[in-house]
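> need the 3D shape of this:
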Amino acid sequence: MTVTSARAVFDRQLACLSRGDLEGLLENYAPDAVLLRFDAEFSGIERISEAFSGYLALRPRLVALTHYAESSDMIFYRALMEIAGETKETIGTMMFTNEKISRQTAAVLHG
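The predicted model follows:
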């Protein structure tokens, strides 16, 4: 995977979040992907779908990407997101296998 393609997946992910596109989000994930948050682990597309269904109900939207770093198969980011009408600081990582997200961490930071 190239740096350019990693960023393309990340940008698609943000676009899908902003328009509430669950199917588009899920297309970015490997079938055996794992999403890890502080409150839960979601393994496989079905469980990741459940996690994003709840998140999309909060109408997330990117306000600003404040930090972004990547290697050939990993992204580390920090962003301000509008979630349920409130601006929140978020942080996470994405690891890729065959141009699909295979592992992801995501968290909303609390002041």
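
> what are the bridge partners for the spatially closest residue to T66 that is not a sequence neighbour, then?
Excluding its sequence neighbours, the residue lying closest to T66 (C-beta to C-beta, 6 or more residues apart in numbering) is R78, at 5.0 Å. No exception for glycine: its C-beta is placed from N, CA and C like everyone else's. For R78, the beta-bridge assignment (DSSP bridges) gives partners H67, I91.

> contact partners for R78?
The contact partners of R78, taken as C-beta atoms under 8 Å, 6 or more residues apart in numbering, are L65, T66, H67, Y68, E89, T90, I91.

> include distance to E82, pLDDT and neighbour count when you put the residues you listed into a markdown table, please.
What follows is the contacts of R78, written out as a markdown table (distance: C-beta to C-beta, whole Å; pLDDT from 0 to 100; neighbours: other C-beta atoms under 10 Å):
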| residue | distance to E82 | pLDDT | neighbour count |
| --- | --- | --- | --- |
| L65 | 13 | 96 | 14 |
| T66 | 14 | 96 | 12 |
| H67 | 18 | 97 | 9 |
| Y68 | 18 | 96 | 12 |
| E89 | 11 | 97 | 16 |
| T90 | 11 | 96 | 18 |
| I91 | 16 | 97 | 15 |
